[in-house]
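A.B. asks: sequence and computational prediction follow.
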Amino acid sequence: MLLPDGTVPKPVYIQTTEHGSGQTTSQWYVYDGRDHFTYNAPRADKLRGVCSCGWAGPSHMLDWDQIGEQSLHEAAGELAAECEEEWDGHAAEVDKSAVALPDDVAELVRLLGDKLETLGKTSPLAALRAARQLEVTAERAAYWPAHEVHRDTDLDKAAEALGLNEDDTRSLLRRFGRRSLYS
């Protein structure tokens, strides 16, 4: 997401209650420049895929004359899909440099992703329940490995092996190891 001056817009605060509570988002489709009841966002000039590692894909110009009064989500869905494909290519490259998963585990993860995506189309609640069960399983299974990595592996080496930047690696180790910011 780029503004006309080439900068990346700040996250948008979306008010969700009458008392001013809310959350921030950087979802591309909120940057339509329109005055919404619960938030205001600048108007994006271009879409592009980005990654926490610093990678940025090519920019795709938004044609606001063609978008007109349509929602940005509907009007630019194809451009967003192009950005996603470019990001997928980048992620595949990062994945090649990360620690290899055993073939059977990699296949199970891929199969689970496919099954959840299919289930989400027919039964979103069942897909969410299954995703939550996977989340709990991952947290349990990764507890001791997170402690071992934290204790025995330099952060930069762990980040490279996981295909993440150091901040995201630190966050992952804290989350799976159930550690506080101060430990």
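C.D. replies: The structure has been received and is ready for your questions.

A.B. asks: going forward, measure contacts and count neighbours with C-alpha atoms only.
C.D. replies: Fine.

A.B. asks: and the next helix or strand past the lengthiest helix in the chain?
C.D. replies: What stands out as the longest helix in the chain, according to DSSP state H, is helix 124-152. Sequence order places helix 155-162 as the next helix or strand after helix 124-152, per DSSP states H and E.

A.B. asks: okay, buried residues for stretch 123-137 please.
C.D. replies: 127, 130 (16 or more other C-alpha atoms under 10 Å).

A.B. asks: next, the contact list for Glu166, please.
C.D. replies: Glu166 makes contact with 155-156, 159 under the criterion C-alpha atoms under 8 Å, 6 or more residues apart in numbering.

A.B. asks: change it to 10 Å
C.D. replies: Contact partners of Glu166, counting by C-alpha atoms under 10 Å, 6 or more residues apart in numbering, are 52-53, 155-160, 172.

A.B. asks: poorly predicted segments of this structure, please.
C.D. replies: The chain contains residues with pLDDT under 70 at 37-38, 182-183.

A.B. asks: tell me where it has strands.
C.D. replies: Along the chain, the segments classed as strands by DSSP state E run 12-15, 22-25, 46-47, 60-61.

A.B. asks: these: which one's closest to Ala127?
C.D. replies: Counting by C-alpha to C-alpha, Ala127 lies closest to strand 22-25 out of these; the figure is 23.4 Å.

A.B. asks: which elements pack onto the closest one?
C.D. replies: strand 12-15 (3 or more C-alpha pairs under 10 Å, 6 or more residues apart in numbering; DSSP states H and E).
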